[in-house]
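1. Quick one: sequence plus predicted model below, questions after.
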Amino acid sequence: MERIKNYINGEWVTSDTEVYGDVYCPATGEKIAEVPFSTASDVDKAVKAAKEAFWDWRCTPPLTRARYFFKLKEMFEKAFEDISRILVREEGKTLDESRGEVRRMIENVEHATGVTTLMTGYNLEDIAHGIDCTAERQPIGVFGVIAPFNFPAMVPWWFLPYAVVCGNTYIVKPSELVPLTQTRIFEIIDECGFPEGVINMVHGSRDAVNAMLYHPDIAGISFVGQTSTARYIYKVCGETGKRVQSLGGAKNFIIVMPDAELDKAIPSLITSFYGCAGERCLSGSVLVAVGDVYDELKEKFVAAAKRLKVGNGLEEGVQMGPVISKNHKEKVLGYIEKGIKEGAELILDGRNIVVDGYPNGFFIGPTIFDNVTPEMSIAKEEIFGPVVSIIRVKNLDEALKLIQQSEYGNAACLYTTNGKTAREFKYRATASMLGINLGIAAPMSFFPFGGTKSSFFGDIKGQGREAFQFFTDTKVVIQRWT
Amino acid sequence: MALSTFGAIIGFAAEIIEETKLFCNDIKEKTKNPQLKEAIQHLIKESEKYYSLMEKTKRENVTEMILEPITGFEKEDYILNLDVLPKKDDEDLIEILLLLLERERRFFEDASNKVSLPEVARILSKISRKKEETLHLLNDLRGKLST
């Protein structure tokens, strides 16, 4: 059985730990690797290497730093299918979803190579008589990411390329459930020839996370995961004086107006609710039917959900894969039980799905609850699975109230053909990533990614121009030579 | 088997392009006719070009936001069994090439209507048109051979 190693100071090294976790293929339920639960001393070695590498890397011209990423992009393109398949094997999503994810990872590399434009500061002469002022962006030191399981390739790359191209050094801590994708990616980083210590990877779980959070030589942390952990990360980074961007969970409401073009909307809604088996922070979770669209929407949506082909994501043509683990499957099934107990009507039951050839996979079929009310757990809490709650409301005001009252504020979507309705939604919805006539409001690399309320803790979001702000200090220089 | 995802469609497109190329490689030494030889070489080059284009499309045009399920598109409608067809002379070979090209023309046209990404639909539609042009060339050649 493969025992995964850490990547520190340009070398593959065995962790100091004696504790290893099991990595499973969600489609087959088979154990496929063992991941080290790295110790504080492993993290310390990575931080030392990154700190040691910082000054030389920081003094390397930005364009030279960008050239490493130009090369890396080409190497990623060559390994595209390989990375995509490794990702499917350990995470379970479909091949298309995986390819889409790897594409987004590469797009962040592409965007980061614009550093020579995007990292520039600004200046003004004569801020007072004969005195000039410049604001310069400078790298800060060692940064790290603590990544979730659901996007094993992409999420670390919302942050890493920007941090490193700005002149910082970096440590990636992948999710212990999906360590193989980043391990493959780091093999490519190794071949690419970055200077030793600039990019490091430490596998692990809680101990490694805490070691990163409390390490005095780490300047900032990016985190993506569930809200309780996001809140904890934010709190500890506050205590330890680190920069932090901590992205939490979501409960996304998808509103369908009576004037929506349903035939166009349905495939898009299916992608929103069931893409990645509902395991993404942008997934639709509550389908809000406004007014008399309810009957037709329900009928068409249920029919389309029933047609979804569920199976091993490695098989081309499969439209929905399993959830990540046995434990997570149990958690999602628990929510379905809860929905029934709380009085919602289960109109499509995915609990007992049989996938030919994969009796031990962690599959849950498309599931739909009707007659859900806002106070039910399934309408309020993040399920992170292929479970849809339908809520019927009278008008847009009622629909917006659901979003406004939600604890979360990650994403929300609206389907309409009316511009005024769209504007009202855009103006009043209390979520940070909005989709109008699309179901997955996923900002591309050149726009910021992150929510509000309990979906995000911090000030500066991931990707976009903001990334260059998060990973640099703005140094102001005021000069008089006259 | 249902071609129910973007990847399944582009993957099958690459498969049928490759099948044409393999057949052309098999027969390129069998004919003595210089015009047919030239046409076969052209088809091999064209197949290589479009195969690479499909690989690139699969990699670069997959957009997570709009990976919508696809329905009503079946692989079985485009399967050819070349083993049962005669391959005695140039006329037989041209007949098979015509079948392969017509299959590609039809598939790419149908696929362009199934894929929701406009830039990919345009690529597929363009290949279909190019295949139609090549079909005309081969039909002309068939006419010349039979006279």
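-> Looks like it came in fine.
2. Does stretch A:313-326 reach chain B?
-> Yes. On the criterion C-beta under 8 Å from any C-beta of the partner chain, stretch A:313-326 is in touch with chain B at A:316-319. Placement of C-beta: from N, CA and C, glycine included.
3. and which of those is nearest B:D90?
-> Closest approach between these and B:D90, by C-beta to C-beta: A:E316, at 36.6 Å.
4. Point out the residues in chain B that sit beside chain A.
-> B:1-8, B:11, B:58-60, B:62-69, B:71, B:116.
5. Can you list the strands that the strand or helix carrying A:I255 pairs with?
-> Following DSSP states H and E, one finds A:I255 within strand A:252-256. Strand A:252-256 has these partner strands in its sheet, going by DSSP bridges: strand A:284-290 (parallel), strand A:411-415 (parallel).
6. what does it rub up against?
-> A:262, A:265, A:269, A:272-273, A:282-290, A:293, A:297, A:396, A:399, A:402-403, A:406, A:408, A:410-415, A:425, A:431, A:439 (C-beta atoms under 8 Å, 6 or more residues apart in numbering or on different chains).
7. run the last query once more with 6 Å
-> Contacting residues not belonging to strand A:252-256 are listed as A:272, A:284-289, A:293, A:297, A:399, A:402-403, A:411-415 [C-beta atoms under 6 Å, 6 or more residues apart in numbering or on different chains].
8. just to revisit the earlier point, dump the strands paired with strand A:252-256 to a markdown table, plus mean pLDDT and mean neighbour count.
-> What follows is these, written out as a markdown table (pLDDT from 0 to 100; neighbours: other C-beta atoms under 10 Å in any protein chain shown):
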| stretch | mean pLDDT | mean neighbour count |
| --- | --- | --- |
| strand A:284-290 | 98 | 26 |
| strand A:411-415 | 98 | 29 |
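9. Run through chain B and note the low-pLDDT ranges.
-> Along chain B, the model assigns pLDDT under 70 to residues B:64-66, B:147.
10. rewinding a little: could I get the strands paired with strand A:252-256 as a markdown table with distance to A:V477?
-> Formatted as a markdown table, the strands paired with strand A:252-256 follow (distance: least, C-beta to C-beta, whole Å):
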| stretch | distance to A:V477 |
| --- | --- |
| strand A:284-290 | 49 |
| strand A:411-415 | 40 |
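11. With adjacent residues omitted, what lies nearest to the residue nearest the centre of chain B?
-> Centroid check for chain B by C-alpha atoms, centre = their mean gives B:E104 as the closest residue, at 3.2 Å. Spatial nearest neighbour of B:E104, chain neighbours left out: B:K131 (4.8 Å); criterion: C-beta to C-beta, 6 or more residues apart in numbering or on different chains.
12. For the one you found, give me the backbone phi and psi.
-> Dihedral angles of B:K131 (phi, psi; degrees, to the nearest 10) stand at phi -70, psi -40.
13. Compute the number of surrounding residues for it.
-> By the measure other C-beta atoms under 10 Å in any protein chain shown, the count of residues near B:K131 is 23.
14. for it, what are its contacts?
-> Shown in contact with B:K131 (C-beta under 6 Å, 6+ apart): B:101, B:104-105.
15. And the residue of the stretch 51-200 of chain A found nearest chain B, what's its pLDDT?
-> Closest residue of the stretch 51-200 of chain A to chain B, C-beta to the nearest C-beta: A:G100 (3.3 Å). Note for A:G100: predicted pLDDT of 95.
16. For A:I32, see how far away it is.
-> To A:I32, A:G100 is 23 Å away according to C-beta to C-beta, to the nearest Å.
17. Phi, psi for residue 81 please.
-> If you meant another chain, say so; for now it's chain A. According to degrees, to the nearest 10, A:E81 has phi -70, psi -40.
18. that's the other chain; I wanted chain B
-> Taking degrees, to the nearest 10 as the convention, B:N81 sits at phi -110, psi 100.
19. what number of residues lie near it?
-> Using other C-beta under 10 Å, the number of residues around B:N81 comes to 6.
20. Between the strands paired with strand A:252-256, which one is closest to A:W55.
-> Nearest to A:W55, of all the strands paired with strand A:252-256, is strand A:411-415, at 40.3 Å by C-beta to C-beta.
21. coming back round to it: the residue of the stretch 51-200 of chain A closest to chain B - that's part of a strand, no?
-> No. A:G100 is assigned helix when assessed by DSSP: H, G, I helix; E, B strand; the rest coil, not a strand.
22. how about the residues of chain A near chain B?
-> Contact residues (C-beta under 6 Å from any C-beta of the partner chain) of chain A with chain B: A:80, A:95-96, A:99-100, A:103, A:267-268, A:270-271, A:309, A:316-317, A:319, A:440, A:442.
23. rerun at 8 Å
-> Residues of chain A lying near chain B (C-beta under 8 Å from any C-beta): A:77, A:80-81, A:94-97, A:99-101, A:103-104, A:267-268, A:270-271, A:275, A:304, A:307-309, A:316-319, A:438, A:440-442.
24. Show the buried residues in those residues.
-> Neighbour counting by 16 or more other C-beta atoms under 10 Å in any protein chain shown classes A:80-81, A:94-97, A:99-101, A:103-104, A:267-268, A:270-271, A:275, A:304, A:308-309, A:316-319, A:438, A:440-442 among these as buried.
25. List the residue ranges of the stretch 251-400 of chain A that fall below the pLDDT cut-off.
-> For the stretch 251-400 of chain A, no range has pLDDT under 70.
26. Pick out the residue of it closest to chain B.
-> Closest point on the stretch 251-400 of chain A to chain B, by C-beta to the nearest C-beta, is A:P267, at 3.7 Å.
27. Quick check: which element contains that residue?
-> Under the criterion of DSSP H and E, A:P267 resides in helix A:262-274.
28. do A:L434 as well
-> Element membership of A:L434 [criterion: DSSP H and E] is strand A:433-436.
29. any idea of the mean pLDDT for that strand?
-> Average pLDDT, strand A:433-436: 98.
30. got a list of contacts for the following helix or strand past that strand?
-> For strand A:433-436, the succeeding helix or strand toward the C-terminus, using DSSP H and E, is strand A:452-453. Outside of strand A:452-453, the residues within contact range by C-beta under 8 Å, 6+ apart are A:406-410, A:430-432.
31. quick one, helices of the stretch 201-350 of chain A?
-> For the stretch 201-350 of chain A, the helices defined by DSSP state H, counting those that start in this stretch occupy A:206-214, A:227-240, A:262-274, A:294-307, A:326-341.
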